[in-house]
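[1] what follows is a predicted structure for the sequence shown.
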Amino acid sequence: MPLFTIEAMDQKGNKLRKDIEASSKQEAVKKVRSMGYYPTKVKQKKGGSGKKEKETSPGMSARQAIAKQKKSSFTFGGVSQKQLTQFTQQLSILQDAGLPIVRSLRILEGQLKPCALKTQLEAIANDVEGGSTFSEALAKHPKTFDKLYVNMIKAGEAGGVLDTILERLAIFQEKSLKLRKKVLGAMVYPVAVITIAVLILTGIMIFVIPAFKKMFKESNVQTPMMTELLLSIADFVKVWWWAILIVIPATIIITYKMIVKSPSGRFAVDKIKLNIPIFGMIIRKSTISRFTRTLGTLIASGVPILEALGIVKDAVGNEVVAKAVENVYNSIKEGESIAGPLKESKIFDDLVVNMIDVGEETGELDKMLMKISDTYDDDVDVAVESMTSLMEPILIIGMGATVGFIVIALFMPLISLISNIGG
């Protein structure tokens, strides 16, 4: 009979490693669960008696065997943050209702139209039916389910509170998605206005100003310096419009991607982002909010602090903040506090540092981190609204100054021409 090496945990977090004889992987999992442990890893030993379990083993359902024999269906695209959030919310509700995990996955898979998530859910359900834990099955799809997601699910499995963890994950994803939409939404308005303004001005330079230039030349009117500057700009745009609209933006994008490929370049770019006027404040606050909410959610879910910090470091999305998190990680390993390294980084406000310090002293760090995140989410909302209100007059003044320059530069020679005709 095959021999399986089992790693498991009980509800108190005590770990177990044991070799168990079973006819299949699924039977080995059942034996461990009957002992009051929840399996976290199941692996068949190569030196065990009997042949290695085949894909059509006795513990595998007929439906899974058929699915294994078929080639995986190919789908285009990935899984959006919105899709993942909806899936987590629905799975949380089904688990709270007491449905088995496989049945919940089958229900959610059945209601989806053909897409990447549907294909992945089918594979995940098959893996769980075959004896894998839910977290192990999710870990096979890292592009959709990141380390944060998988580790929280693993903590929920170990503690027997998967429904609670899923609910926390759903709330976390919903708030993260909402914050991301607000920040991106704040950037859409100025980018759209500037893009339209550039296109209009390019059209004026190519089609309108050359007509005036021809008229001035035929009339032998002496053009002032402002008009000469405008005509020179128009000549340049007429010849190099393709470079302005295509080559320059493409060069900027390619250069940016090349810079952020190196760790030092990425760090420098992220540092600049945090110090950009107006936008920098929003990016800083949203990044801190993401850091505190992610760490708070992981700690509340039972993930050890060092493991949680390792996950947060990869999930925070800014190398400058990630470096500060790495310093916190090293500090805790040496038996020190979280607040000290955060203060030294000079990225986190005194409010954040003091609240984390209080949370460590009172033993309610997870709750304090969540409060910080909620506070910063509100600050981002106010900052986004203020920025939008501020950008409108700035853009109007900028457009007005540009149009005013064109009008004055064109009408100065016209006034001179009219005066000569009148004389």
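    Great, that's in hand. Residues are numbered from 1 along each chain as shown.
[2] where does the chain have low pLDDT?
    Where the chain drops to pLDDT under 70, the residues are 9-15, 38-41, 46-77, 159, 420-423.
[3] for the residue positioned nearest the centre of it, list the residues it contacts.
    Centroid-nearest residue in the chain: residue 317, 7.1 Å away (criterion: CA atoms, centre = their mean). By CB atoms under 8 Å, 6 or more residues apart in numbering, the residues touching residue 317 are 287, 290. Every residue, glycine included, has its C-beta placed from N, CA and C.
[4] for it, give me phi and psi.
    phi 80, psi 10 (degrees, to the nearest 10).
[5] from here on, call the first residue 619.
    Noted, 619 is the first residue going forward, which turns the last one into residue 935.
[6] distance check, it against residue 904.
    Using CB to CB, to the nearest Å, one obtains 9 Å as the distance from residue 935 to residue 904.
[7] are we agreed that residue 660 is in a strand?
    Yes: per DSSP: H, G, I helix; E, B strand; the rest coil, residue 660 lies within a strand segment.
[8] so what's it up against?
    Residue 660 neighbours (CB under 8 Å, 6+ apart): 622, 623, 624, 625, 643, 646, 647, 749, 750, 751.
[9] counting only helices, which of the residues you listed make the cut?
    Members of these lying in helices (criterion: DSSP state H): 643, 646, 647.
[10] count the neighbours of the second one for me.
    Okay, so that is residue 646. Other residues lying near residue 646 total 27 when counted by other CB atoms under 10 Å.
[11] would you mind measuring from it to residue 826?
    79 Å.
[12] then the first one?
    Using CB to CB, one gets 75 Å for the distance from residue 643 to residue 826.
[13] out of these two, which sits in the busier spot?
    Per other CB under 10 Å, whichever of residue 643 and residue 826 has more neighbours is residue 643, with 22 against 13.
[14] is it true that the more buried one touches residue 751?
    No: at 11.2 Å, residue 643 does not count as touching residue 751 under the criterion of CB atoms under 8 Å.
[15] quickly list the domain ranges of the chain.
    What automatic domain parsing lists as the domains of the chain is 619-663, 691-763, 792-1041.
[16] of all these, which one is nearest residue 784?
    With CB to CB, the closest approach to residue 784 among the domains of the chain belongs to domain 691-763: 3.7 Å.
[17] who are the packing partners of the helix or strand hosting residue 990?
    Per DSSP states H and E: residue 990 is located in helix 983-1040. The helices and strands touching helix 983-1040, judged by 3 or more CB pairs under 8 Å, 6 or more residues apart in numbering; DSSP states H and E, are helix 780-821, helix 827-837, helix 843-860, helix 897-918, helix 968-980.
[18] from the chain's centroid, how far away is that helix?
    Averaging C-alpha positions (CA atoms, centre = their mean, to the nearest Å) puts helix 983-1040 28 Å from its chain's average.
[19] doesn't residue 840 fall inside a strand?
    No: Residue 840: not assigned to a strand; according to three-state DSSP it is coil.
[20] now do the helices in the stretch 669-818 of the chain.
    Per DSSP state H, counting those that start in this stretch, the stretch 669-818 of the chain carries helices over the ranges 680-687, 699-714, 719-728, 734-747, 752-757, 765-777, 780-821.
[21] any chance of these in JSON lines, with mean neighbour count and distance to residue 850 too?
    Shown next, in JSON lines, are the helices of the stretch 669-818 of the chain (neighbours: other CB atoms under 10 Å; distance: least, CB to CB, whole Å):
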{"stretch": "helix 680-687", "mean neighbour count": "13", "distance to residue 850": "69"}
{"stretch": "helix 699-714", "mean neighbour count": "18", "distance to residue 850": "48"}
{"stretch": "helix 719-728", "mean neighbour count": "17", "distance to residue 850": "63"}
{"stretch": "helix 734-747", "mean neighbour count": "21", "distance to residue 850": "53"}
{"stretch": "helix 752-757", "mean neighbour count": "22", "distance to residue 850": "61"}
{"stretch": "helix 765-777", "mean neighbour count": "22", "distance to residue 850": "55"}
{"stretch": "helix 780-821", "mean neighbour count": "16", "distance to residue 850": "15"}
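[22] so can I have JSON lines of those helices showing distance to residue 973?
    Shown next, in JSON lines, are these (distance: least, CB to CB, whole Å):
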{"stretch": "helix 680-687", "distance to residue 973": "49"}
{"stretch": "helix 699-714", "distance to residue 973": "27"}
{"stretch": "helix 719-728", "distance to residue 973": "37"}
{"stretch": "helix 734-747", "distance to residue 973": "37"}
{"stretch": "helix 752-757", "distance to residue 973": "31"}
{"stretch": "helix 765-777", "distance to residue 973": "22"}
{"stretch": "helix 780-821", "distance to residue 973": "18"}
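[23] of all those, which lies closest to residue 1012?
    Nearest to residue 1012 among the helices of the stretch 669-818 of the chain is helix 780-821 (8.4 Å), distances taken as CB to CB.
[24] and the angle for that closest one with helix 983-1040?
    10 degrees (axes from the mean of the first three to the mean of the last three CA atoms, to 10 degrees).
[25] and helix 780-821, what does it pack against?
    Helix 780-821 is packed against helix 699-714, helix 765-777, helix 897-918, helix 983-1040, with contacts defined by 3+ CB pairs under 8 Å, 6+ apart.
[26] can I get the ones you listed in JSON lines including distance to residue 870?
    Output for these, formatted as JSON lines (distance: least, CB to CB, whole Å):
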{"stretch": "helix 699-714", "distance to residue 870": "26"}
{"stretch": "helix 765-777", "distance to residue 870": "32"}
{"stretch": "helix 897-918", "distance to residue 870": "17"}
{"stretch": "helix 983-1040", "distance to residue 870": "20"}
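[27] of all those, which one is nearest residue 637?
    helix 765-777 (20.5 Å).
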